[in-house]
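A.B. asks: Quick one, fold the following:
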Amino acid sequence: MSAHIVILGCGFAALTAVRELRRRDREVRITLVAPKAELMYYPSLIWVPSGLRRANDLNIDVSGFLAEQQVTFHAGRVTGLQDGGRTVLTDRGTLANDALLIASGGRFLKALPGIEHALTICEGAPAAEAIRERLANMDGGSIALGFGTNPKEQGAMRGGPMFELLFGIDTLLRRQGRRDKFRLVFFNAAKEPGKRLGDKAVAGLLREMQKRNIATHLGHKLTGFTADTITTEGGEVPADLILFMPGMSGPAWANEAGLPLSDGGFFKADTHCQVAGADKVFVAGDSGSYPGPDWLPKQAHIADLQARAAAENLLLALAGKPPVAHFKPELICIVDTLDRGILVYRDEKRALILPPCRLFHWAKRFFEWQYLRPYRKAQRT
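C.D. replies: Sure, this is the predicted structure:
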């Protein structure tokens, strides 16, 4: 019987790994484990508050795609691992495997007091819809936006969507002719937020805020939230609506996996995306902590690159061969403003930022269509 690969997750890394595994091997058995056979296209959630997208547009049923790829779907939530990863524990039973790929994503840290008063758009469609409704029902006031990090792993953050949400709300309010009734403020514990995008990007984003009359509260550690206030060591920021992206950690069940974890709670991986010291266990996407530059992002693009490398190396491991594939440390981001886009690029040799341009906004929309096309096509067949 052919080898059995189990993939944990149903996001960018997991589904890219499915495609890569099938491209390289049509016979291997694959089981994918997730609560639902659905892909949430997180990058476009920033368009839900403006009505450019509806939540249902971005929640894609991938059961048809999995059937096309001859992948068995196991509906369940992972609760832990045993036997060095050879056994997956779920709330719907156990699964044995010959090789394992962890691609179940990370989770947001909710330790700050009063964080329940903040809305986090990347928690999914309900949060994005709640932001849309709150904005629609406001006659004016103060809107504060910011993001945090994992104090034990500084790169474990997702700040890009908050810049997009900030500029998108500004654009939306201007279109509606009511921007003068609102105060927008961006807060962050760092003096130079978004520094992993590169020094030029930070300067460019701050210039854009100044141009749009967006206030800033930077360089002060966050201490908590109330219903109408962000509290920091440098004072308080009043707000009628608080939008905040917390820092990230690994899956909630990581401590029950028996595998090496980073200080920040992620599965510790080598340059081949193999979990340190584990046999035939790989990780891709937000679940892992990887060697590389300190600006290595937590984003869909890098998750796809990691998934391709992990899939290739996993098949090599099953064949008794050493890993050869690496993922390229690369950051590609279009910071969308609802009608324009700011292109940010960084790799190990260079970092650049290109000013707001309508072409980049449409490029981001085209990429969404292209990325989701195979999954939507499989829905119709």
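A.B. asks: Let me see the ranges of the strands in the stretch 251-381 of the chain.
C.D. replies: Using DSSP state E, counting those that start in this stretch, the strands found in the stretch 251-381 of the chain span residues 267-268, 281-283, 288-289, 331-336, 341-346, 351-357.
A.B. asks: Pick the most buried one from those strands.
C.D. replies: strand 281-283 (a mean of 29; mean count of other Cβ atoms under 10 Å). In this view, the C-beta of every residue, glycine as well, is placed from N, C-alpha and C.
A.B. asks: which strands and helices sit next to that strand?
C.D. replies: Packed against strand 281-283 by the contact rule (3 or more Cβ pairs under 8 Å, 6 or more residues apart in numbering; DSSP states H and E) you find strand 99-102, helix 300-318.
A.B. asks: Sheet partners, orientation included, of the first one?
C.D. replies: In its sheet, strand 99-102 lies beside strand 4-8 (parallel), strand 281-283 (parallel), with partners assigned from DSSP bridges.
A.B. asks: Indicate which one of those strands is closest to Phe367.
C.D. replies: With respect to Phe367, and counting by Cβ to Cβ, the nearest of the strands paired with strand 99-102 is strand 4-8 at 23.8 Å.
A.B. asks: which residues touch whichever helix or strand comes after that closest one?
C.D. replies: Using DSSP states H and E, the helix or strand that directly follows strand 4-8 along the chain is helix 12-24. Outside helix 12-24, the residues that touch it by Cβ atoms under 8 Å, 6 or more residues apart in numbering are 5, 7-8, 28, 30, 32, 34, 39, 62, 65-66, 69-71, 101, 103-105, 284-287, 300, 303-304, 306-308, 310-312, 314-315, 375.
A.B. asks: quick one: buried residues of helix 12-24?
C.D. replies: 12-22 (16 or more other Cβ atoms under 10 Å).
A.B. asks: Next, the angle helix 300-318 makes with it.
C.D. replies: Helix 12-24 and helix 300-318 are oriented at 40 degrees to each other (axes from the mean of the first three to the mean of the last three Cα atoms, to 10 degrees).
A.B. asks: Would you mind checking the contacts of helix 12-24 for buried ones?
C.D. replies: Among those, those that count as buried by neighbour count (16+ other Cβ under 10 Å) are 5, 7-8, 28, 30, 32, 34, 39, 62, 65-66, 69, 71, 101, 103-105, 284-287, 300, 303-304, 306-308, 310-312, 314-315, 375.
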